[in-house]
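[1] sequence and computational prediction follow.
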There are 2 protein chains.
Amino acid sequence: MRTTIRDVAERAGVSAMAVSVVINGAGQNVTISQEKAERIRRAARELRYQPNHLARSFRTQKTGQVAVVFQHLGRLGQEHPYHSLILNGVMEALFPRGYTLSLCPRMVNAGEPGFISDGRFDGVLWCRPDFTEASVEEIQEATIPVVMMHAPPGMAPGVPTFCADNEGAMCRVVDHLKGLGHERLAFAIDLWSVKTVEGQVRWKALTDAAAQAGLPSPDLLILGDHGILARYGEVAAPHTALVCFSDELAGFVLGSLERFGVSVPRDVSVVGFDSSAFCDSTRPRLTSVNQPVEHMAFAATTHLLTLIHEVEAGLPKSPVASSIYDCGLDVRESTAPPRTH
Amino acid sequence: MRTTIRDVAERAGVSAMAVSVVINGAGQNVTISQEKAERIRRAARELRYQPNHLARSFRTQKTGQVAVVFQHLGRLGQEHPYHSLILNGVMEALFPRGYTLSLCPRMVNAGEPGFISDGRFDGVLWCRPDFTEASVEEIQEATIPVVMMHAPPGMAPGVPTFCADNEGAMCRVVDHLKGLGHERLAFAIDLWSVKTVEGQVRWKALTDAAAQAGLPSPDLLILGDHGILARYGEVAAPHTALVCFSDELAGFVLGSLERFGVSVPRDVSVVGFDSSAFCDSTRPRLTSVNQPVEHMAFAATTHLLTLIHEVEAGLPKSPVASSIYDCGLDVRESTAPPRTH
DNA sequence: TTGAAAGCGTTACCAT
DNA sequence: ATGGTAACGCTTTCAA
């Protein structure tokens, strides 16, 4: 930026304050005469004055920026539907209200949580499902509003949370599979997600649901490479249905099984999680838990904006609430009755 | 933010400058004794001092933020592959170097170009294919580096540009279709894109390529609704091949044709543009021009970072160059010889 | 090796 | 109704 508010003031023969008031429309209990206002506007136009947003943010302590924090933001796209869904919901809430969306690498990958309160953002949507003690504490002590997604109730007291009903979801999955005749289930998850609270919660939810349905305890399949899946082609599979942590992982599983000559759903049934548009593009189309990610992100972001507004306006804070979202099961072609020997 | 650099200085019994130097590592020709440095670090730790990034940006005139500007940023996801591809390339270039990606609604939808130089961004990647005189001028006068995508050479003198070779691409499309036996082609485009320079360029490129190949001049199909496509089911289609402005539009076309009982590629061949992963998920799979969008976005962003660095370091400016990317044609199943009557 | 002080551009308070 | 002036938190030059 070159020309400042003072340049405009000088050219118009007024004070900087007068310019500020005219530019921003509303100045508390200050009025500028029509004539002066016009002169100021003309001077601003002639000098092509552009208010420095950064200086304004610095002064007002309000940036109009909201950050979204992921654990690991890789590629956007159809094989990785999750991030796109989240961002869609966030943008839908943010843009009509004039907020800017920031994807900050420091909060995205390395995970240096101290940066939450470094002044750049008016609020943060925390979408990382790894709730270490340190990060939870950091969030609770943040000086700006933070809203969490995927945190199971009780995980982060004092922080508003938007979370799927993983328990209910796994009950539906088990009901569906049991109804088809499956008995031996497995939970498939990647090396990364298995360490997250969300991964653990879903795994426990599946275990509990199976127990409740009178089925044997499911196995845990941690997929680091293709090794485990390769066995499916050689020996009789120990389980007849694989419940996957995410659609993305389910896509990987489908690809691997096809490569090893295992037919889905004839040899084994596969269930995903999220029911993103991706499920319609796989062969066979993927049965998946319908977690309304995009709606959840929209609602979480909208709530975040409410909290931001409360802080700015000095209003009383909304009570802290956890929102648990029901999940349906979208049955497609990747699940079928198990093969009878 | 609560605790400032001065709080730390006071606690450590030193000046604010000393703290700044210790925190930021390098202070030109200033040195702090080991003992004081340690005292400062301890004080900072005890007070949980977090430097205010906004104040720092304000002071140094460097924000570490890069904005991406789209004409109309709607949903991310598989039906709309373009934005995801761009953002992937941008993130890949930005994140390893610590830059933050901003999606700013003011530059995304309404298009108020004055905001380019409002101090918030170190640089801008301009992905809007509508090159109005006003916006081009605004870009040329920006006080921060701007890199353009999709601008045909000569469109914006003085601004580095990364653009696909639309002419070459359309030659390949025409060669392919002519080789299959097609003669009457049409260019399908949506109401929005037809007004953009990029839309016009592709339309002209197809026309020229057809003329060069000795084919009759293609028709222009502006798809506002399903009306035009509906006719395909009733009367003999005037053309046997539809070349679409984008994969997204081609997806829409495939859907409409299916609904109206028109078989692709038996009744009509369809060609997309971008060859995104989406092309593999349509039925039939979509033949499409392979525009390396993601690579282009990566290269453009990398160049933008170079320009930013030059400005900051006071280095001489790189010469302005336009990069034109070759496009291949990925032949899938949506193109075939025309039906013989 | 260190501290004091001057801003960066804006807005808000307190005088006229 | 209007203008001076003091911050916001930080970096950096200058003087000691």
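    Okay, I see it.
[2] could you list the contact residues of the stretch 201-341 of chain A toward chain B?
    Contact residues, the stretch 201-341 of chain A versus chain B (Cβ under 8 Å from any Cβ of the partner chain): A:276, A:277, A:278, A:280, A:281. In this view, the C-beta of every residue, glycine as well, is placed from N, C-alpha and C.
[3] what is the nearest of those to residue A:54?
    residue A:276 (37.4 Å; Cβ to Cβ).
[4] state the distance from the residue nearest to that closest one when sequence neighbours are not counted to residue A:160.
    Leaving out its chain neighbours, the residue that sits closest to residue A:276 by Cβ to Cβ, 6 or more residues apart in numbering or on different chains is residue A:81, at 3.4 Å. Per Cβ to Cβ, to the nearest Å, residue A:81 is found 25 Å from residue A:160.
[5] more neighbours: which of the two?
    residue A:81 (27 against 21; other Cβ atoms under 10 Å in any protein chain shown).
[6] wait, what's in contact with that one?
    The neighbours of residue A:81, taking Cβ atoms under 8 Å, 6 or more residues apart in numbering or on different chains as the test, are A:247, A:248, A:274, A:276, A:277, A:278, B:77, B:78.
[7] got JSON lines for those residues, with neighbour count and pLDDT too?
    Below are the contacts of residue A:81 laid out as JSON lines (neighbours: other Cβ atoms under 10 Å in any protein chain shown; pLDDT from 0 to 100):
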{"residue": "A:247", "neighbour count": "27", "pLDDT": "95"}
{"residue": "A:248", "neighbour count": "23", "pLDDT": "93"}
{"residue": "A:274", "neighbour count": "27", "pLDDT": "94"}
{"residue": "A:276", "neighbour count": "27", "pLDDT": "93"}
{"residue": "A:277", "neighbour count": "16", "pLDDT": "90"}
{"residue": "A:278", "neighbour count": "28", "pLDDT": "91"}
{"residue": "B:77", "neighbour count": "22", "pLDDT": "83"}
{"residue": "B:78", "neighbour count": "22", "pLDDT": "78"}
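[8] tell me which of those fall in strands.
    Using DSSP state E, no member of the contacts of residue A:81 sits in strands.
[9] let me know the closest of those residues to residue A:154.
    residue A:274 (23.6 Å).
[10] tell me the spacing between that closest one and DNA strand C.
    Using Cβ to the nearest atom of the strand, to the nearest Å, residue A:274 is found at 43 Å from DNA strand C.
[11] cool, and residue A:2?
    Residue A:2 is 7 Å from DNA strand C, where distance means Cβ to the nearest atom of the strand.
[12] pLDDT value on that residue, please?
    On pLDDT, residue A:2 comes in at 76.
[13] please verify my assumption that residue A:15 contacts residue A:8.
    No - judged on Cβ atoms under 8 Å, residue A:15 makes no contact with residue A:8 at a distance of 10.6 Å.
[14] how far away is the residue lying closest to residue A:44 once chain neighbours are set aside from residue A:48?
    Nearest residue to residue A:44, sequence neighbours excluded (Cβ to Cβ, 6+ apart): residue A:8, at 5.0 Å. As for residue A:8, its distance to residue A:48 is 10 Å (criterion: Cβ to Cβ).
[15] for the two, indicate the residue with more neighbours.
    residue A:8 (26 against 12).
[16] quick check: that one touching residue A:39?
    No - taking Cβ under 8 Å as the definition, residue A:8 is not a contact partner of residue A:39, at 10.1 Å.
[17] please enumerate the helices of the stretch 151-300 of chain A.
    Secondary structure of the stretch 151-300 of chain A (DSSP state H, counting those that start in this stretch): helices at A:166-180, A:197-212, A:227-234, A:247-259, A:293-313.
[18] actually the stretch 1-150 of chain A, not the one I wrote
    Assigned by DSSP H, counting those that start in this stretch, the stretch 1-150 of chain A shows helices spanning A:5-12, A:16-24, A:34-46, A:53-60, A:81-94, A:105, A:133-140.
[19] nearest to residue B:211 among the ones you listed would be which one?
    Among the helices of the stretch 1-150 of chain A, helix A:81-94 comes nearest to residue B:211, with 40.5 Å by Cβ to Cβ.
[20] tell me which residues in the closest one are buried?
    For helix A:81-94, a neighbour-count test (16 or more other Cβ atoms under 10 Å in any protein chain shown) marks A:81-94 as buried.
[21] so which of those are also by DNA strand D?
    Taking Cβ under 7 Å from any atom of the strand as the test, DNA strand D is in contact with none of the buried residues of helix A:81-94.
[22] let me have the residues you listed in CSV, extended by pLDDT.
    Listed next are those as CSV, based on pLDDT from 0 to 100:
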residue, pLDDT
A:81, 88
A:82, 90
A:83, 92
A:84, 93
A:85, 94
A:86, 95
A:87, 96
A:88, 96
A:89, 97
A:90, 97
A:91, 96
A:92, 96
A:93, 97
A:94, 96
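[23] can these go into a markdown table with extra columns for distance to DNA strand C?
    Formatted as a markdown table, these follow (distance: Cβ to the nearest atom of the strand, whole Å):
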| residue | distance to DNA strand C |
| --- | --- |
| A:81 | 41 |
| A:82 | 39 |
| A:83 | 35 |
| A:84 | 35 |
| A:85 | 36 |
| A:86 | 32 |
| A:87 | 30 |
| A:88 | 32 |
| A:89 | 31 |
| A:90 | 27 |
| A:91 | 26 |
| A:92 | 28 |
| A:93 | 25 |
| A:94 | 22 |
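[24] make CSV out of the residues you listed and add distance to residue B:308.
    Formatted as CSV, the buried residues of helix A:81-94 follow (distance: Cβ to Cβ, whole Å):
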residue, distance to residue B:308
A:81, 32
A:82, 31
A:83, 26
A:84, 28
A:85, 32
A:86, 28
A:87, 25
A:88, 29
A:89, 31
A:90, 26
A:91, 25
A:92, 30
A:93, 30
A:94, 25
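[25] just curious, which of the residues you listed is nearest to DNA strand D?
    Of all the buried residues of helix A:81-94, DNA strand D sits closest to residue A:94, with 25.4 Å by Cβ to the nearest atom of the strand.
[26] residues from the stretch 51-200 of chain A in reach of DNA strand C?
    Residues of the stretch 51-200 of chain A lying near DNA strand C by Cβ under 7 Å from any atom of the strand: A:51, A:52, A:55, A:56, A:58, A:59, A:60.
[27] show the buried residues in the residues you listed.
    Among those, those buried by neighbour count (16+ other Cβ under 10 Å) are A:51, A:52, A:55, A:56, A:58.
[28] DNA strand D next: which of the residues you listed are close?
    residue A:58.
[29] which residues does residue A:279 contact?
    Contacts of residue A:279 were listed using Cβ under 8 Å, 6+ apart, and they are A:247, A:272, A:285, A:286, A:287, A:288, A:330, A:332.
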